[in-house]
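1. quick one: sequence and predicted model below, then my questions.
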Amino acid sequence: MLTGAGISAESGVPTFRGPGGLWKSFKSEDLATPGAFARDPKLVWEWYEWRRTLLAKVEPNAGHRALASLEDSSPDFSLVTQNVDGLHERSGSRRVTSIHGSIWRVRCTGCGAESTDDRVPLPKLPPLCGCGALVRPGVVWFGEPLPRKAWAEAERAVSNCDLLLVIGTSAQVYPAASLIPMAAQAGARVIEINLEETPLSGITSLSLRGKAGDILPQLIS
Ligand code: OAD
């Protein structure tokens with residue numbers, strides 16, 4: 001399984017692109033790059049705090065739950081997500097490979113200490129580490145490499161699967177989107193679940209048009 005923001009849309013989490021997408025109202029270069037954080041860490045943190053506050057109030061949906069139940073009944077199952085929202089884990093998925101990090105993880109820019117911090121709101125913005133340095137969100141920003149271990153696991157999973165379900169991603173952000181042709185080239189069937197066509201729809205074996213929360217429970221029952 002490869003998921004993107006679309007699977008959380010029915011939980012009330014805004015996607016990035018398309019109608020109502022975050023990148024329609026906000027500039028990624030002001031909020032989601034190392035340069036933006038260096039210029040104005042408080043502004044960047046305020047944006048993440050707004051997203052964390054929103055996420056703390058939403059619940060996983062039928063799409064997340066269907067994937068969690070599939071994991072329970074399939075010994076050879078991998079779930080790779082671009083989402084940082086933690087909703088897969090909250091719906092019961094256990095083996096989640098988060099290639100873009102997690103909005104609930106924080107990392108010190110000085111000593112590198114990393115931890116989970118799900119307090120909403122955080123007591124102080126921007127947060128500081130015990131070592132005195134700034135703490136940053138544990139997500140991947142534009143221009144940064146993906147976490148090495150998670151990416152290796154994602155490549156391993158798609159290169160060895162019989163079937164890749166690609167759910168709710170615009171397939172525009174690389175290297176994440178490259179997992180789709182990687183699976184196809186390795187001989188997997190690729191099924192896309194999306195409201196609309198994507199740049200990689202052409203290489204999928206089947207495109208199911210509709211909401212993940214409607215289609216996944218029907219597919220996985
Ligand atoms: P996007 O916002 O780019 O795409 C969301 C996709 O979900 C679109 O193709 C929609 O058509 C589809 N969609 C919306 N609602 C849906 C639903 N209910 N059921 C099925 N599909 C639905 O999100 P991503 O592809 O995840 O990166 O974006 C990739 C990355 O770009 C994100 O991880 C983030 C962002 O910038 C970083 O932050 C590094």
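-> Nice, I can see it.
2. skipping adjacent residues, who's closest to Leu206 in space?
-> Ile191 (4.7 Å; CB to CB, 6 or more residues apart in numbering). For the C-beta atoms, the positions are set from N, CA and C on the backbone; glycine is no exception.
3. mind checking which helix or strand the one you found is in?
-> Per DSSP states H and E, Ile191 falls inside strand 189-194.
4. ok, and does the longest strand along the chain reach over to the ligand?
-> Ranked by residue count and defined by DSSP state E, the top strand of the chain is strand 101-108. No. Strand 101-108 is not in contact with the ligand by CB under 6 Å from any ligand atom; minimum separation 8.1 Å.
5. against which helices or strands is that strand packed?
-> On a contact count with 3 or more CB pairs under 8 Å, 6 or more residues apart in numbering; DSSP states H and E, strand 101-108 meets helix 41-56, strand 114-116, strand 135-139.
6. identify whichever of these lies nearest to Arg209.
-> With CB to CB as the measure, helix 41-56 is the member of the helices and strands packed on strand 101-108 nearest Arg209 (27.0 Å).
7. who are the packing partners of that closest one?
-> When contacts are defined as 3+ CB pairs under 8 Å, 6+ apart, helix 41-56 sits against helix 28-31, helix 34-39, strand 101-108, strand 135-139.
8. and that helix, does that touch the ligand?
-> No. Using CB under 6 Å from any ligand atom, helix 41-56 never reaches the ligand; the gap is at least 10.6 Å.
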